[in-house]
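Trainee: Below is the sequence, then the predicted model.
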Amino acid sequence: MRNLVLAACLSLLAAAPALAQQANDWPIVAPAEGTATAAAFNRMDTAVRAGEFQTITSVLVSRDGQVVHEAYFDDAGAEGRRNTRSATKTVTAMLIGAAIAEGSISGVDAPVMPFIASYGPFDNPDPRKAQITVEDLLSMSSLLECDDQNQFSRGNEERMYLIEDWVKFAFDLPIRGFPAWIPRPEDSPYGRSFSYCTTGVTTLGAVVQSATDKPLPTFASEVLFTPLGISGEEWQFSPTGLAQGGGGLGLRSRDLLKLGQMMLDGGRWNGRQVLPQAWVTAMTTPHASVGEDRGDYGYLTWLPAYTVKGQSYPAWAMAGSGGNKVVIVPALQAVVVVTTENYNVRNPHGIADTLISEHALAALVP
């Protein structure tokens, strides 16, 4: 046994240089000085440094699989692991897809309850809880009374943080009601009533752990981060030790750009199929309507459209509070990463979206 452990350690040490090289094998191919694109990026950086977009910490852009712009505006620089809040949710969707691909989860229609039974018994028993599926939580449309955008909701994210067991918190919630002014699922687009719910995504992290019999960070490293050359990721944990799949994962800005580029390339990275292409398609297909002219929602992936120089471009987005975003624009073969610290300013998502549409993407459109 001792020899096996030693051999495993030596193998990891031997692999470390290769992983480090993989993490840095994406050179910047910046536009030539004097071109319109270079001038547009320079204007963007000048505006960011002038504080026109409050506190932006980094802006990265890839086009046609190449990094064409990379700028940092804080002391942490390229190696800083930035807490990008709910952008983590899209990573959890990726891990669900990986668990389905390996057969640990039968599919999106798998009921959640068998994976989390050990967290029970649950309050407010209702047979409809047993019918809640993985897809319900992926699409923010379960029947649990949970709404982070309603301070009175029993499932509001801030209430979850006050107790130890976040998964029990989720399934202790009652079934939500639908008064006359709130469309029922059967009367809603895609047959689902959207309600943004962090605790549901936290529960999906527990589902992955139970299904794979591995801690969430271990599984994430094996199936996602190591293949992409990502290391040093910083998870947040519940009081009981559950890695938070709903937010707070610390990654470098380049790591976020890699995740976006991998999605743009149909789940591939450096010639390796990291996620099934069909799963990326499922993540970026509308499954619920957010409402209020905010577009549609896939599997823990926002589906906005950006207007650039008068033309609308459908996009896929990872998004977290403060306006932290990874935006993928297939028609432009582009990925934009914006990280911020705009947590206590008005309309932080609007600030980031303006930066993305009027500067980052505009630099790529003639």
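Mentor: On my side now, so go ahead. Residues are numbered from 1 along each chain as shown.

Trainee: how about the helices of this protein, start to end?
Mentor: 2-23, 36-49, 88-101, 113-116, 134-138, 157-160, 166-172, 198-212, 216-220, 253-264, 277-283, 348-355 (DSSP state H).

Trainee: For the first one, the averaged confidence score.
Mentor: In this model, helix 2-23 has an average pLDDT of 36.

Trainee: Likewise for stretch 67-84?
Mentor: Averaging pLDDT along stretch 67-84 gives 96.

Trainee: what's the answer for stretch 109-118, then?
Mentor: The pLDDT scores in stretch 109-118 average 98.

Trainee: Let me see the residues that make contact with it.
Mentor: Around stretch 109-118, the neighbours that count as contacts under C-beta atoms under 8 Å, 6 or more residues apart in numbering are 129-137, 167, 171, 203-204, 206-207, 210-211. (Glycine included, C-beta is placed from N, CA and C.)

Trainee: Just the buried residues of these.
Mentor: 129, 132-137, 167, 171, 203-204, 206-207, 210-211 (16 or more other C-beta atoms under 10 Å).

Trainee: ok, these vs E233, which is closest?
Mentor: Set against E233, the nearest of the buried ones among the contacts of stretch 109-118 by C-beta to C-beta is L204 (17.7 Å).

Trainee: just to revisit the earlier point, distance to N324 for the helices of the chain - can I get that in CSV?
Mentor: Output for those, formatted as CSV (distance: least, C-beta to C-beta, whole Å):
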stretch, distance to N324
helix 2-23, 21
helix 36-49, 14
helix 88-101, 10
helix 113-116, 28
helix 134-138, 21
helix 157-160, 16
helix 166-172, 22
helix 198-212, 15
helix 216-220, 19
helix 253-264, 9
helix 277-283, 18
helix 348-355, 7
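
Trainee: If I average pLDDT within each of those, which one is lowest?
Mentor: Mean pLDDT, when computed for each of the helices of the chain, is lowest for helix 2-23, at a mean of 36.

Trainee: Would you mark the buried spots in stretch 169-182?
Mentor: Across stretch 169-182, burial judged by 16+ other C-beta under 10 Å covers 169-174, 176.

Trainee: Please enumerate the strands of the stretch 251-366 of the chain.
Mentor: 268-269, 272-273, 288-289, 296-297, 302-303, 305-308, 311-314, 316-320, 324-329, 334-340 (DSSP state E, counting those that start in this stretch).

Trainee: looking at the ones you listed, which is closest to I28?
Mentor: Nearest of these (C-beta to C-beta): strand 334-340, 13.5 Å.

Trainee: In contact with P286, which residues?
Mentor: 189-190, 296-298, 303.

Trainee: Which pLDDT does the model give it?
Mentor: For P286, pLDDT reads 98.

Trainee: Please, where are all the strands along the stretch 51-200 of the chain?
Mentor: 56-63, 66-72, 82-83.

Trainee: Give me the contact list for the last one.
Mentor: Pointing back at strand 82-83 there. Outside strand 82-83, the residues that reach it (C-beta under 8 Å, 6+ apart) are 57-58, 76, 234, 248-253, 324, 339.

Trainee: which pair in those spans the largest distance?
Mentor: S58 and G248 (17.7 Å).

Trainee: if you count what's nearby, which of these two comes out ahead?
Mentor: More neighbours sit around S58 than around the other of S58 and G248, counting by other C-beta atoms under 10 Å; the figures are 25 against 18.

Trainee: thought the more buried one was touching E79?
Mentor: No - proximity of S58 to E79 does not meet the contact threshold set by C-beta atoms under 8 Å, at 11.3 Å.

Trainee: Any chance of CSV for the contacts of strand 82-83, columns distance to A47?
Mentor: Shown next, in CSV, are the contacts of strand 82-83 (distance: C-beta to C-beta, whole Å):
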residue, distance to A47
T57, 15
S58, 14
A76, 21
E234, 30
G248, 29
L249, 28
G250, 27
L251, 25
R252, 23
S253, 18
N324, 18
T339, 16
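
Trainee: Most neighbours among these, please name it.
Mentor: Neighbour max across the contacts of strand 82-83 (other C-beta under 10 Å) = T339, 31 neighbours.

Trainee: pLDDT score assigned to it?
Mentor: 98.

Trainee: List the contacts of the residue most central in space within the chain.
Mentor: Here the mean C-alpha position of the chain is nearest to the C-alpha of T90 (C-alpha atoms, centre = their mean), at a distance of 2.6 Å. T90 makes contacts with 259, 283, 300-301, 318, 326, as judged by C-beta under 8 Å, 6+ apart.

Trainee: Try it again at 10 Å.
Mentor: 201, 256, 259-260, 263, 283, 298-302, 316-320, 326 (C-beta atoms under 10 Å, 6 or more residues apart in numbering).

Trainee: Pick out whichever of the contacts of strand 82-83 sits closest to G34.
Mentor: Distance to G34 across the contacts of strand 82-83 (C-beta to C-beta) is lowest for S58, with 24.8 Å.

Trainee: tell me the domain boundaries of this protein?
Mentor: The chain is divided into the following domains under automatic domain parsing: 27-73+304-366, 81-254+270-294.

Trainee: Determine which of the helices of the chain approaches S62 most closely.
Mentor: From these, taking C-beta to C-beta, the stretch that ends up closest is helix 253-264, at 5.6 Å.

Trainee: tell me the angle of the closest one relative to helix 88-101?
Mentor: Relative orientation of helix 253-264 versus helix 88-101 (axes from the mean of the first three to the mean of the last three C-alpha atoms, to 10 degrees): 50 degrees.

Trainee: what number of residues lie near V61?
Mentor: Close neighbours of V61, defined as other C-beta under 10 Å, add up to 26.

Trainee: How about it, nearest residue that isn't a chain neighbour?
Mentor: Take V61 and drop its neighbours on the chain: the residue closest to it by C-beta to C-beta, 6 or more residues apart in numbering is H69, 4.2 Å away.
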